[in-house]
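**Student:** okay, here's the prediction I keep looking at, along with the sequence it came from:
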Amino acid sequence: VSVRSRPVVERFEAKVWLPVLWVGSLLSVILASLWPETGGVDEAMKTLWWNVVHVPAYGVLTLLTLAAAAQRISLSPAQSLALTLVLTLLGVLLEALQPYFGRTADLLDAMHNLLGALLALGVFYLSRWWQGAHHGAG
């Protein structure tokens, strides 16, 4: 691959892999949220583990969603916030569905989902600012 065609290849790879990663992240969050709990895990460890996992899971899902959407359209702050809130609502819906899958719904889990999504929104805009501030520097 020549140096001249490299940006084209990188854009193609991002257009292919970013949606694949997004779908994988979305499916992982849904499956992890609705997979029936099994016994044998210490309750304190399970609570600690799931509380820790909610923030990065929704952070990654939100960041991938915003990045994939930004590839296709110029996202306004309102659109970015709306996507973030939709993902948070997905988390609330999944929590509400958990009792039907042998799980326990937990408001604290939904709050961790929101925290992860909002942190990702902040990272997304910090990244955009950084790219804009340093775009002409090189």
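**Tutor:** Structure's in. What do you need?
**Student:** end to end on stretch 94-104, go ahead and measure it.
**Tutor:** Chord length of stretch 94-104, first to last residue, is 11 Å (CA to CA, to the nearest Å).
**Student:** next one: stretch 89-109
**Tutor:** Note: stretch 89-109 ends 12 Å apart using CA to CA.
**Student:** what lies in contact with that stretch?
**Tutor:** 29-30, 33-37, 50-51, 54, 58, 110, 113-114, 117 (CB atoms under 8 Å, 6 or more residues apart in numbering). Where C-beta positions appear, they are placed from N, C-alpha and C, glycine not excepted.
**Student:** which one in these is the model shakiest on?
**Tutor:** When the contacts of stretch 89-109 are compared on pLDDT, Trp50 comes out lowest, with 62.
**Student:** so for this protein, the centremost residue is which one?
**Tutor:** The centroid of the chain falls nearest to Leu61 when counting by CA atoms, centre = their mean (1.3 Å).
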